[in-house]
Structure formats: structure tokens, C-alpha cells
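In: any chance you could fold what I've pasted below:
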Amino acid sequence: MNVVVLVLQILGILILAVLLLLAIFLLLPAGIEAFWKEQKAEIWLSVGPLRRRFYPPRAKRETEKKQTGKTEKPKPESPEPEKKEQEEPRASVPDTAEAAKPSPKEPQPDEVDRLYESLMGDPMKYVRRLTRWAKGPGKMLLEHLKVRKVKIVWTVTGEDAAATAIAYGALAGACNTAWVVLEDLVDVQAEELRLEPDFTGERRKERCFSCQITARMYIIVASVILTVWRSTKRQGAPSKKKKTAHKTADTK
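Out: From the prediction side, this is the model:
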């Protein structure tokens, strides 16, 4: 009997320890830090004091380091052949044309440039999506979310000066509206927000983005559970309507 009581006490202590660790874990702050500049992105994840790089993955970083670390080895100098006493005269061939130089490759658009192009198509579409998500499953998460160290520097470039001016005006209005909506939804603080027209297209290197987003773990877990529950509920709603329609058809 004493052995059973001792085992139950040990199990109770273990359960209490696990619950205590789980409570501490749920109270820890979790965060995401994102950086983007010159078509290179980095994403860091942090939970409490732990911080780890999430993107780019380690394999990709190692390959980049190997590519940058490679240096061309100097070729060994071949011994010069002995000059003949009398060299035969060679017929000089006139150069007809210089070798065609390869044209420099234009930088291919990355994911951020594609997102920018889609944003310019319908800027207010993203504002409507943000407000719709904020009123639904993201409401609880946004109320406890903290966005810090926001830095956005972006240049607008069009086909010509007129297109650049039109695109800059449309994007400036959409960004101002989105920022006002974001301030109403989230506790956000910005370090630098700059949007400028680029008529020559030579200031793309100035584009950069960085921010830090933090929230408590229990808020994130509860928001994920709520989002999954609502999505499954929406998926099950049409099937219920179909069942009721079949029932009414059968009764008729």
C-alpha cells in the first residue's frame, strides 16, 4: 500500500512539474524579426531568451559561403619556348570587328518585386483583406501584438516619368490608408517610413524592410486554435445546407 501511495505521489509531482513548465512556456514572449535588402532576406525566430535563424536555411548559407569563398588559383607559369634564331614573318590579319561583348543581365524580379507589382494592380484589395482578417480570427492576436523597429524604405519606378508619378501617388495613398488602419489594430512603432519616386530606376538598392513582431505564446496558440476551428466550421457549413436541402426535398 505504501508503494502505491509513493508512486501516486511521484506521478503527481511529475504532472505538476510538467504543468508548471507548460505555464512558463506559454507566458514566454515569442517574436519574429524580418530583414530584407538588395533581394536578400533573413528571418529570425525567438522564444524567450532563445533566438534562431529560420531563413535562409543552413544548407543554403553554406553553399553561398562556399561560392563566395572560392578563389581562382593562379595557374603555374609555363616555361617559355626557346626563341628561334630567325622567326618566319607572319602575315598580319587585320581585325575586322571586335568580339561582341555580352550584354549585362538585368536583375530578375524576386518575390518582393512580384508582390509590389500585384500591389500596384489593386492597392486597396490588401487593405480590405487586412481589415476582414482583423475582424475575424486575427482580432485576438492583433490586440496583443506588438510591432517594433519598423523600417520601410521604398522607391517607385515606372516606364516613364508620368507613369512613375501616377504610381507614386496611388501607392502613397494606399500606404497612408494602410498605416492608419494598422495603427488602429496593432501596437506599432516605426523607426523610418520613406516612400520616394525613382525616375531613373537607379535607386533600387535603397529599398529595405525590417520589423520585429512579438506576442505571448498563449495568445499565439489560442489564435491558431481559433483560426483552425473557424476554418473547419466554415468548411462544414455547406455540407449542412446540402443536408437540409435534401431533407426538405424528401419531405415534399
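
In: now do the contacts for residue 150.
Out: Applying Cβ atoms under 8 Å, 6 or more residues apart in numbering to residue 150 gives the contacts 188-191, 193, 210-211. Every residue, glycine included, has its C-beta placed from N, CA and C.

In: and if we set it to 6 Å?
Out: Residue 150 makes contacts with 190, 211, as judged by Cβ atoms under 6 Å, 6 or more residues apart in numbering.

In: and the gap between the residue found closest to residue 161 once you drop the neighbours it is linked to in the chain and residue 45?
Out: Closest residue to residue 161 apart from its sequence neighbours, by Cβ to Cβ, 6 or more residues apart in numbering: residue 199 at 5.3 Å. Between residue 199 and residue 45 the computed distance is 39 Å (Cβ to Cβ, to the nearest Å).

In: likewise for residue 197?
Out: Taking Cβ to Cβ, one finds residue 197 at 36 Å from residue 45.

In: next one: residue 195
Out: Taken as Cβ to Cβ, the span from residue 195 to residue 45 is 29 Å.

In: and residue 160, by the same measure?
Out: Residue 160 is 43 Å from residue 45, by Cβ to Cβ.

In: so for these two, which sits in the more crowded spot?
Out: The neighbour comparison of residue 160 against residue 45 (other Cβ atoms under 10 Å) goes to residue 45, with 14 against 8.

In: what sits against residue 196?
Out: Applying Cβ under 6 Å, 6+ apart, we find residue 196 in contact with residue 155.

In: at 8 Å what do you get?
Out: Contacts of residue 196 by Cβ under 8 Å, 6+ apart are 154-156, 168, 203.

In: could you please name the strands the helix or strand in which it is found pairs with and the direction of each pair?
Out: In this structure, residue 196 sits in strand 187-197 according to DSSP states H and E. Strand pairing for strand 187-197, using DSSP bridges, gives strand 146-156 (parallel).

In: what's the angle from the next helix or strand after the strand it pairs with to strand 187-197?
Out: Using DSSP H and E, the helix or strand that follows strand 146-156 towards the C-terminus is helix 161-185. Here the directions of helix 161-185 and strand 187-197 differ by 180 degrees (axes from the mean of the first three to the mean of the last three Cα atoms, to 10 degrees).

In: show me what helix 161-185 packs onto, helices and strands only.
Out: If you count contacts as 3 or more Cβ pairs under 8 Å, 6 or more residues apart in numbering; DSSP states H and E, helix 161-185 packs onto helix 111-121, helix 123-135, strand 146-156, strand 187-197.
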